[in-house]
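*Asks:* sequence unavailable; structure follows:
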């Protein structure tokens, strides 16, 4: 079972651009909300729904370049088209050609909704005078850095999303303001009770399992795609000879440090602990089938020839309802409560605002 930071859903629900915030959003659906155009005259106060007919039904002729309006703040066709194109550019390597139009429509609809949400939230933040300090923004940037995959930097994330540092900081600032807005509500503040935690555990017990895992070390004799039959045979022979050295009493870690072609040689060949699905299949099948401490037969993968030793075997087990598990469940339930508070807040803001969609 995994948990996510409560800030994640709020940031993304606000239409922010960083879909890589811990993998929380579908790759094809989220986009940044375009900046609005605002009338110079104040928006008319909203009336109760029971007293006012559908705004779209009583509007005069509408300029064809308008898409949506929130209390006088307008989204134009040009703004939307530019932002849709920007988002599709970000996703270009992830969209099959035959799905481009479908994805474009989904992104377009999502961005219109994001615009409305952003305008509603911005007005409420201004009304309540909710602010965020530079220190809070800086701390959030550090959390973002620490949440990125090992092979990605903050600069690469910004480049991928076509924003500079100032724009990124403003997006983060907005998200932090929304967090404060939600946490100011009674529902947003609510903490899970022991009864709720216990009920969640009982309902999801079958899912709260730690999968079977093993800790493995190996020695690799690497091969190259251009190797011919002779080269491959020589490398397999080398791996077999290394295996014989280990079986004859040579120190596995020392041999790995001196002869392995894998970066893990620095740790004596230790690859750490992993579960099924994390390694290439021939390696995984061999490792999970071996007995603890056994030096298995040479295994061939696309990387080369491996001598494998299993150091630990851990059976699958169901998590106990101890303090650690309670803490993880509490985090999930807290996020659910805050999500519900956010949804309720948006629903109330929509009901009070004048929101008009000019498209049928």
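*Replies:* Happy to help now that I have it. This one's a predicted model, so the numbers in the text were calculated from it and none came from an experiment.

*Asks:* doesn't residue 287 fall inside a helix?
*Replies:* Yes: with DSSP: H, G, I helix; E, B strand; the rest coil as the criterion, residue 287 is part of a helix.

*Asks:* my read: it touches residue 279, true?
*Replies:* Yes: using Cβ atoms under 8 Å, residue 287 is in contact with residue 279, at 7.1 Å. Where C-beta positions appear, they are placed from N, C-alpha and C, glycine not excepted.

*Asks:* higher neighbour count, those two?
*Replies:* Taking other Cβ atoms under 10 Å, residue 287 and residue 279 do not tie; residue 287 has more neighbours (23 against 19).

*Asks:* any weak-confidence spans in the stretch 101-250 of the chain?
*Replies:* For the stretch 101-250 of the chain, no stretch is flagged by pLDDT under 70.

*Asks:* rerun at 80
*Replies:* 150-151, 187-188 (pLDDT under 80).

*Asks:* what about the helices in it?
*Replies:* According to DSSP state H, counting those that start in this stretch, the stretch 101-250 of the chain carries its helices in the segments 134-147, 154-160, 165-183, 186-189, 194-203, 229-247.

*Asks:* could you check how far the residue sitting furthest away from the middle of the chain is from residue 258?
*Replies:* In the chain, the greatest distance from the average C-alpha position (Cα atoms, centre = their mean) is reached by residue 248, at 47.9 Å. Distance, residue 248 to residue 258, by Cβ to Cβ, to the nearest Å: 15 Å.

*Asks:* now do residue 158
*Replies:* From residue 158 to residue 258 the distance is 42 Å (Cβ to Cβ).

*Asks:* so for these two, which residue has more residues nearby?
*Replies:* Counting neighbours by other Cβ under 10 Å for residue 158 and for residue 258 shows that residue 158 has the greater number, 16 against 12.

*Asks:* now the more buried one. Nearest residue, chain neighbours left out?
*Replies:* residue 168 (5.6 Å; Cβ to Cβ, 6 or more residues apart in numbering).

*Asks:* ramachandran angles for residue 318?
*Replies:* Backbone geometry at residue 318, expressed as degrees, to the nearest 10, gives phi -90, psi 140.

*Asks:* which residues does the residue nearest to residue 288 when sequence neighbours are not counted contact?
*Replies:* Nearest in space to residue 288, with sequence neighbours left out and distances taken as Cβ to Cβ, 6+ apart, is residue 214 at 6.2 Å. Neighbour list for residue 214: 273, 274, 287, 288, 310, 311, 312, 313, 314 [criterion: Cβ atoms under 8 Å, 6 or more residues apart in numbering].

*Asks:* for the fifth one, helix, strand, or coil?
*Replies:* Okay, so that is residue 310. strand.

*Asks:* and what of the second one?
*Replies:* Local secondary structure at residue 274 is given as strand here, using three-state DSSP.

*Asks:* the residue lying closest to residue 291 once chain neighbours are set aside: how many residues sit nearby?
*Replies:* Counting by Cβ to Cβ, 6+ apart, residue 310 is the residue found nearest to residue 291 once chain neighbours are left out, at 7.1 Å. Neighbour count for residue 310, taken as other Cβ under 10 Å: 21.

*Asks:* surely residue 310 is in contact with residue 295?
*Replies:* No: judged on Cβ under 8 Å, residue 310 makes no contact with residue 295 at a distance of 9.6 Å.

*Asks:* find residues that contact each of the two.
*Replies:* Counting by Cβ under 8 Å, 6+ apart, no residue touches both residue 310 and residue 295.

*Asks:* am I right that residue 313 sits in a strand?
*Replies:* Yes: under three-state DSSP, residue 313 falls within a strand.

*Asks:* quick check: it vs residue 288, distance?
*Replies:* 9 Å.

*Asks:* what residues do those two have in common as contacts?
*Replies:* The contact sets of residue 313 and residue 288 overlap at 212, 214 (Cβ under 8 Å, 6+ apart).

*Asks:* what are the structural domain limits within the protein?
*Replies:* Residue ranges for the domains of the chain, per automatic domain parsing: 6-193+328-357, 210-317.

*Asks:* and the last one, how far out from the chain middle?
*Replies:* The offset between the C-alpha centroid of domain 210-317 and the centroid of the whole chain comes to 32 Å, using Cα atoms, centre = their mean, to the nearest Å.

*Asks:* low-confidence ranges, the stretch 251-360 of the chain, go.
*Replies:* Low-confidence segments of the stretch 251-360 of the chain (pLDDT under 80): 359-360.
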